[in-house]
Each structure stands twice: as structure tokens, then as C-alpha cells.
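In: Return atomic coordinates for the entry below.
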Amino acid sequence: MLNKITRITFILLLSIFSFYYTNKSIELVREQDPIMKKIRNTDNKYNVQPVNAEIKDNTIIPGLTGKEIDYTKTYTKMKQYGTYNEVLTTLKEVTPTISIDDYYDKYIISGNPQKRSVALVFKVEKTSPLEIINILNNNNAKATFFVDGYYLENNSKEISNIVSHELEILNYNGDYDEIYFSSSKDYLESLTNKKLKYCYSDYDKEEVILLCQKLKMHTIVPTIQINNSLFKEIKEQLTNSAIISIPISKNTKDELDTTLKYIKSRGYKLETLEELLNENLEK
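Out: Numbering: from 1, shown residues only. Take a look at the predicted model:
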């Protein structure tokens, strides 16, 4: 009985080693193939290292995914084609080791500085955002609106008409009671048919980040907070990947059109928070 077990074990080990060395031999032959050598020589052209999210104290800035050649798929395609053809090069995503999606206990203070984009953020509490929406739409510009839960309850039809922009929950009548906040969040998600991702805070506010961390939502603190003169403050502070908090006021309505045109003239793309904070290199 023991000899039989020994023979079976030996046969299994032999099979495993045979499979291993066969694969190694195939891999060695493939690496010596002129097609594979040419593929390897394009590493510097296609491969981009991922960028880790940057953590400093209680803040975080998103990283960026990298990309590299999928050597197996690329080689297989070219081998079937019969010769090296750069058009058949296939890439795959390389994720950063440190990502914002692993941290809900940090405040996001901007997008990745490599992005030539900005996100405009408006808080909807008591004043209708419709005039702001019209100006944005006329300029083909996107923005993110954080809506107070109480305002949402009383103006749901108005809010449902602006779903072309990103909508998130702000609070409930200035309060962060979990029951009211979660209920408002669920209601807004039903209107937008989209999962909400972000919470808003003007500064590092513990009650906000603790609640949002519990709900698996990221908390943002704006890079730039506009106080008085929208155009002047934007002109002085505009920078890559800034999250810009803008009040809904008469001054904003008067200066928004000019400001949007100025931002675009500087080569910045206007994005929603989700787009700005997305760590995908291609986004």
C-alpha cells in the first residue's frame, strides 16, 4: 500500500515538474522570438508608472493609474498576424498601491495636480440654483451641486430637472443627523439613479467625516473657497485640479459667465467632482 502511494506521489510530482519546465521552455522560446523582442523595445513608449495617492496628515490627494503593455495578449495577436505590427499593441491598467478608495477618513482637498482640470462646487441650501444651471449649460460647463436635504424635500421637481450635473447631499437643514442624512441620500439616489459618493465640508469637521466614513463616502474640503469677487479670486488662485466652492449669490450670477470663459481660456477643463477625482489616467 505504501509503495503504491509512493508511486502515485512520484508520478504527480513528475507531472507537476514536467508542466513547470514545459511552460518555462515555452516562455524562453517566446522571449527569444523577434516579435517579442520588438514588443519589449517599445516599453518606454507605452509603459507609464502609476502615481500613489498623496497623504498628508488628515488630507489626501488622488493618485493616477498607470499603464503597461499586456505582453501575452500583444504577442498572441501579432503571432496570429504573422509579424510585428505596432497597431496590435494591447495595454493594461496598473493601479496605484495607495488609492483614495482605501481611505474614507481623510479629506480630499484637490484632484491630482497632473490634471489640467477644475471642479466647480455649489451648495444648494435656500436659493434656487436654476439661474446658475442656465449659465453653466450655455457655456457647456459641468459642475457639482451639494443639495440640502430639507431643500430637496420641498423642491424635488426642480432638483430632478438638473440631473445633467452631478448631485450630492449636503446635510439636512444644516444638521448631520445620520437618519435624516441617510434618508435624504437615499431619496436623491432614487431621483438620479446613481450612487452618491461625496460629502462636503468647508473645513476639517469631525462630525461630517465620521458620518461619511460610516456611509463609505469621501469628504471633500475645497481647494479654493470664493468669498466676494468670483472673477478676481479665480484669476488670483486658479490652479491645476482645484475644487472651487462658489456661493449661489447675485455676484456669482453676474460674474459666472465671464469666469467660465476665463477658466477655459487658460486651458482648463471643467469637470464634475467624480471626473476630477477619478484616478484613471484616461479620464
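In: any idea how far the spatially closest residue to Gly267 that is not a sequence neighbour lies from Tyr198?
Out: Distances taken as CB to CB, 6 or more residues apart in numbering place Arg116 nearest to Gly267, at 6.0 Å, with adjacent residues excluded. C-betas here are computed from N, CA, C, even on glycine. Noted for Arg116: a distance of 21 Å to Tyr198, by CB to CB, to the nearest Å.
In: for Tyr75, same thing?
Out: The separation that Tyr75 has from Tyr198, given CB to CB, amounts to 42 Å.
In: Ok, Glu131 next?
Out: For Glu131, the distance to Tyr198 equals 24 Å [CB to CB].
In: How about Thr65?
Out: Taking CB to CB, one finds Thr65 at 20 Å from Tyr198.
In: Equivalent analysis for Asn58, please.
Out: For Asn58, the distance to Tyr198 equals 17 Å [CB to CB].
In: same question, Asp177
Out: Counting by CB to CB, the gap from Asp177 to Tyr198 is 19 Å.
In: So which of Asn58 and Tyr198 has more stuff around it?
Out: When Asn58 and Tyr198 are compared on other CB atoms under 10 Å, the one with more neighbours turns out to be Tyr198, at 21 against 13.
In: Does that one touch Val221 like I think?
Out: No: contact status for Tyr198 versus Val221: not in contact, 11.0 Å apart, counting by CB atoms under 8 Å.
In: Only C-alpha atoms, please: export the lengthiest strand in the chain in CSV.
Out: Scanning the chain for the strand with the most residues, using DSSP state E, yields strand 117-124. The C-alpha trace of strand 117-124 is given here as CSV (Å, rounded to 0.1, in the frame of the first residue of the first chain):
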residue,chain,number,x,y,z
SER,A,117,-9.0,70.4,-14.9
VAL,A,118,-11.0,72.0,-12.1
ALA,A,119,-14.4,71.2,-10.5
LEU,A,120,-16.9,73.9,-9.6
VAL,A,121,-19.0,73.1,-6.5
PHE,A,122,-22.2,74.9,-5.4
LYS,A,123,-24.1,74.4,-2.1
VAL,A,124,-27.9,74.5,-2.6
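In: which parts of the helix or strand just after it are buried?
Out: Taking DSSP states H and E as the definition, the helix or strand that follows strand 117-124 towards the C-terminus is helix 130-138. For helix 130-138, a neighbour-count test (16 or more other CB atoms under 10 Å) marks 132-133, 135-136 as buried.
In: quick one: which two of the residues you listed are the most distant?
Out: Looking at the buried residues of helix 130-138 by CB to CB, the two members farthest from one another are Ile133 and Ile135, with 7.4 Å of separation.
In: ok, Gln114 - contacts?
Out: Listed by CB atoms under 8 Å, 6 or more residues apart in numbering, the contact set of Gln114 reads 51, 64, 240-241.
In: make it 6 Å
Out: Gln114 makes contact with no residue, according to CB atoms under 6 Å, 6 or more residues apart in numbering.
In: Going by residue numbers, what spans are helices in the stretch 1-150 of the chain?
Out: Counting by DSSP state H, counting those that start in this stretch, the segments of the stretch 1-150 of the chain that form helices are 2-32, 34-40, 43-46, 71-81, 130-138, 149-154.
In: what residue ranges in the stretch 1-150 of the chain score low on pLDDT?
Out: Segments of the stretch 1-150 of the chain classed as low confidence (criterion: pLDDT under 70) are 1-29.
In: 90 - rerun?
Out: Low-confidence segments of the stretch 1-150 of the chain, defined by pLDDT under 90, span residues 1-47, 69, 71-72, 74-82, 84, 86-87.
In: What of the stretch 151-283 of the chain?
Out: 156-164, 228, 280-283.
In: which residues of it fall in strands?
Out: Taking DSSP state E, counting those that start in this stretch, the strands of the stretch 151-283 of the chain run over residues 166-169, 198-200, 218-220, 224-225, 243-246, 269-271.
In: any residues touching the shortest one, and which ones?
Out: Around strand 224-225, the neighbours that count as contacts under CB under 6 Å, 6+ apart are 237, 242, 244-245.
In: Mind doing that once more with 7 Å?
Out: Under the criterion CB atoms under 7 Å, 6 or more residues apart in numbering, residues 202, 237, 242, 244-245 lie in contact with strand 224-225.
In: All set, thanks.
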